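Trainee: the following comprises the amino acid sequence and a computationally predicted model.
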Amino acid sequence: MTAAPHHTEGFTRGRGDGGTDALVILGPGQTDLLRALDRTFTGWGRAAGASEILPPPVYPLRDLEKFDVYTNFPHLAFAAAPLDLEHGTGKPDEGRFRPGDLQAPQLGLPHATCYGAYLYYENTRLPDDTLVTLVNRCFRHEDHYSGLRRLLSFQMREIVALGTYEHTQQVVSRFTERILAFADALSLRMDKQAASDPFFENDGARALLAKLSPVKYEFQVGDLAIASVNTHRNFFGERCGIRRAQDGEHAFTSCVAFGLERWLAVLLEHHGQDAERALQAVDRAAGQAS
Ligand code: ATP
Ligand code: ZN
Ligand code: MG
């Protein structure tokens, strides 16, 4: 596969105050705002009974492969490897290592956060109404980048439901209302839109089913999806051997995902790039919409 022109030029890094950078370093005001948003979403999860877990930023390839990541999303994937000091020099040349400089990669950089939840509960039996929340760095090889709106590495907070199908759907509708009410309290114009199912894209029968009964909804502000709710039926339960304690059946799952830097982008735009004003609005809205 040939890389898009900007990829041959390399990945750019900036300060998160506009531009088209692939990677950003958030300044103090942006950091406070992102943390306040994450506290709000985490608080919603915990108030609904979620426990919190902390995943690593990379996984063995074998773990991500279980979820068909390299069948369905090879274009998004990054892999990581230690240097091969026997065959390479150990030094980058013009900002890049050559293939022979690296050992064969065995680590995958995840493109979504909730994988950590399924791997955490792998081969266990769970209560019918399990709820867990986690945040992770996600990595995507996008065909273009645009600063906070579309990054190579960003933070995704998720609230993940595991158990009965009914439980997974109650969580989806509860947080759908929460997200819409919060956007309202922030005076953001938000649209909820059905989107194509990210987990079953390459599977004809399931893709058709997804069209008939949408399993993914996105919450858009302008043309930017800043959150999504996703129903996976028992796909992850089967792949990870997660069973319900009650009847031993594979668990159903759903997740609610918040792209934290995209919330930042939208709020900064809404408040004339004034992070402090945006933070006050978040604190006010979090009080109202809770
Ligand atoms: P898009 O259609 O805009 O590419 P997506 O469908 O790929 O979004 P999801 O897979 O649902 O997005 O990811 C969950 C959330 O993560 C998104 O709603 C968004 O807020 C955020 N997100 C996705 N890709 C990026 C990115 N490249 N940079 C920043 N945030 C992102
Ligand atoms: Zn998810
Ligand atoms: Mg995308």
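Mentor: Here it is on my side, so go on. It should be emphasised that the depicted structure is a prediction, and the values quoted were computed from it without experimental measurement. Ligands and ions are numbered 1, 2, ... in the order given.
Trainee: how many neighbours does the closest residue to ligand 2 within the stretch 51-200 of the chain have?
Mentor: Nearest residue of the stretch 51-200 of the chain to ligand 2: residue 114, at 3.1 Å (CB to the ion). For every residue, glycine as well, the C-beta is placed using N, CA and C. Neighbours of residue 114 under the rule other CB atoms under 10 Å: 26.
Trainee: what do you get for residue 84?
Mentor: Using other CB under 10 Å, residue 84 has 15 other residues around it.
Trainee: spatially nearest residue to it, not counting backbone neighbours?
Mentor: Spatially, and ignoring its direct neighbours in sequence, residue 84 is nearest to residue 103 (4.7 Å; CB to CB, 6 or more residues apart in numbering).
Trainee: let me see the contact set for that neighbour.
Mentor: Residue 103 sits next to 81, 82, 83, 84 when contact means CB atoms under 8 Å, 6 or more residues apart in numbering.
Trainee: state the pLDDT value of residue 99.
Mentor: Per-residue pLDDT puts residue 99 at 86.
Trainee: next: residue 113.
Mentor: On pLDDT, residue 113 comes in at 98.
Trainee: check the one 3 residues further on too.
Mentor: Confidence at residue 116, expressed as pLDDT, is 98.
Trainee: gap between the residue of the stretch 151-290 of the chain found nearest ligand 1 and residue 153?
Mentor: As assessed by CB to the nearest ligand atom, ligand 1 sits closest to residue 259 within the stretch 151-290 of the chain, at 2.1 Å. Separation of residue 259 from residue 153 (CB to CB, to the nearest Å): 12 Å.
Trainee: then residue 137?
Mentor: Relative to residue 153, and taking CB to CB, residue 137 is found at 6 Å.
Trainee: quick one: residue 233 is in a helix?
Mentor: No. Under DSSP: H, G, I helix; E, B strand; the rest coil, residue 233 sits outside any helix and is assigned coil.
Trainee: what parts of the stretch 151-290 of the chain come near ligand 2?
Mentor: By CB under 5 Å from the ion, the residues of the stretch 151-290 of the chain that approach ligand 2 are 158, 255, 257.
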